[in-house]
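Engineer: Task: produce atomic coordinates for the following.
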Amino acid sequence: MDPSVHLIDVPAIPMLAISILVLYVGSKLNGKVKFLRENFIPPAVTGGLLFSLLFLLLRLGVKLGFQFDMSLRDGLLLVFFSTVGLSVQLDTLKQGGKTLPLLVFASAVFLSLQNAVGVGIATALGADPHYGLMAGSISFAGGHGTSIAWGAVFEEAGVANASGIGLAFATFGLVFGGVVGGPIARLLLRRYHVDRPSAEPASESVVEEAPEKTEPNTDREHPNAWLAQVLHSLMIISLCVTFGGIVNQFLSKGGIKLPGFLTAMFMGILLSNLTPALQRPHARQTIDRFGTVSLHIFLAMSMMTVELWTLGGALNFILLLLCAQVLLMTLFAMFVVFNLAGKDYDAVVIAAGFSGLGLGATPVAIANINAVTSNYGPSPKAMILIPLIGAFFIDLLNAGTIQLFISWLG
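Structural biologist: From the prediction side, this is the model:
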């Protein structure tokens, strides 16, 4: 801690207000800057990095720093992962066919390789191998939310600024996950000369999806119907958080230590698949909105408080590991995913989408798929498998893989 820097305490409620301002600024910038918009950079990342740069300038220029009350952030994380679990429907898994288990296997192998590369390079450079985990599946396949969650766990264990480094990798992953998908598809199409559907009008190349189930608009008949939906969704989410915490404490007493967000997510999966049987379906759209808002505010709080002045010494480490992970993703998509998926046009599109999952997130994967299909024709198989893996298997496999590597590192 630099004694010459004057620190100002920012309580929880002002912190929440600043985070909302960060989101607003980021959303406006994304709307105006084509690169940010086309690469699906979250508004919280755009605005958060801008504010963290501002705080860096204030710290270096006038020796003014801020200490933020982050007590609300942990609750937002639990809410978000609860909604992730609530989005999982086990009866949709049968839609993947025989290719699904092969891609699940490929995902498990890739997550292990991603962590092995991160830990291996970190160890070779003489750094704490936990930084290598932050440069592996935690940040790339896991994304910003998982980076912050595990970063906080590592920081409590003495790994300094693990969250900041994780956020840096997650941000780069979003960008490169959307950059490499198209080139991978073009290389595979040229190398293997696969047959592809006719890309007639571009408007017809987008896969037709089932009509989205929307919540009935009963406001005219029941003016407070929206309130009932909100309260019902809040109740479901609170059950996930509450019982997830109870399960977490029970496991902890038995010697099994898991982050709270994982048990909240598992509780969400359980409730998501029990409520239809109880004929009390939860309001899907309302829960999704809670998850979206919680994630964005959570990311805004996290990104704006990244201590950029502590990352300067790690820049070479970050760039080296980023290049290694992008190369790994490219080779794995082209030589493993493509072959396991059938070496046809669908396999090409799946490989492009998988690169978005491995480096970025499900929205990036869908963007990669749409970019390929808008030029070469539709791939309904890819549109089923990639979101299915991204919405369900990646998070579960990643949680187990991370725990396995942590147990090895001790």
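
Engineer: Can you tell me what sits against stretch 242-249?
Structural biologist: With C-beta atoms under 8 Å, 6 or more residues apart in numbering as the test, stretch 242-249 has contacts from 78, 82, 258, 260, 262-268. Backbone N, C-alpha and C define where each C-beta goes, glycine included.

Engineer: Ranking by neighbours, what's the top pick from those residues?
Structural biologist: In terms of neighbours by other C-beta atoms under 10 Å, the contacts of stretch 242-249 top out with Ser82 at 32 neighbours.

Engineer: I'd assumed Ile269 was in contact with that residue.
Structural biologist: No - if you go by C-beta atoms under 8 Å, Ser82 and Ile269 don't touch, sitting 9.8 Å apart.

Engineer: max-length helix in this protein?
Structural biologist: Determined from DSSP state H, the single longest helix within the chain is helix 162-192.

Engineer: returning to what we had before: just the contacts of stretch 242-249: which are in helices?
Structural biologist: Using DSSP H, the contacts of stretch 242-249 in helices are 78, 82, 260, 262-268.

Engineer: Gln403: which of those is nearest?
Structural biologist: Nearest to Gln403 among the ones in helices among the contacts of stretch 242-249: Leu262, at 8.9 Å, using C-beta to C-beta.

Engineer: buried stuff in the longest helix of the chain?
Structural biologist: Within helix 162-192, the residues that count as buried by 16 or more other C-beta atoms under 10 Å are 162-182, 184-185, 187-189.

Engineer: before we move on, what about stretch 111-128?
Structural biologist: 111-115, 117-119, 121-122, 127-128.

Engineer: Residues contacting that stretch, please?
Structural biologist: Outside stretch 111-128, the residues touching it (C-beta under 8 Å, 6+ apart) are 129-137, 140-141, 159, 317, 320-321, 324-325, 328, 332, 358, 394, 397-398, 401-402, 405, 409.

Engineer: So how do I select the buried members of these in PyMOL?
Structural biologist: Applying 16+ other C-beta under 10 Å to the contacts of stretch 111-128, the buried members can be selected in PyMOL as follows:
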select buried, resi 129+130+131+132+133+134+135+136+137+140+141+159+317+321+324+325+328+332+358+394+397+398+401+402+405
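
Engineer: helices or strands next to the helix or strand in which Ala149 is found in the packing?
Structural biologist: Per DSSP states H and E, Ala149 falls inside helix 143-156. Applying 3 or more C-beta pairs under 8 Å, 6 or more residues apart in numbering; DSSP states H and E, we find helix 143-156 packed against helix 71-86, helix 129-134, helix 162-192, helix 284-304, helix 394-409.

Engineer: what comes up buried for the helix or strand that the longest one is followed by?
Structural biologist: If you walk from helix 162-192 toward the C-terminus, the next helix or strand you reach (DSSP H and E) is helix 225-253. Of the residues in helix 225-253, those buried under the neighbour-count criterion (16+ other C-beta under 10 Å) are 225, 229-230, 232-233, 236-237, 239-241, 243-244, 247-248.

Engineer: Reduced to three states, what does the residue nearest to Phe169 when sequence neighbours are not counted come out as?
Structural biologist: Leaving out its chain neighbours, the residue that sits closest to Phe169 by C-beta to C-beta, 6 or more residues apart in numbering is Ser139, at 3.7 Å. Recorded secondary structure, Ser139: coil (DSSP: H, G, I helix; E, B strand; the rest coil).

Engineer: Ser139 - how many residues pack around it?
Structural biologist: The local packing of Ser139 (other C-beta under 10 Å) involves 31 other residues.

Engineer: Next, the contact list for it, please.
Structural biologist: Counting by C-beta under 8 Å, 6+ apart, Ser139 has contacts 146-147, 166-167, 169-170, 173.
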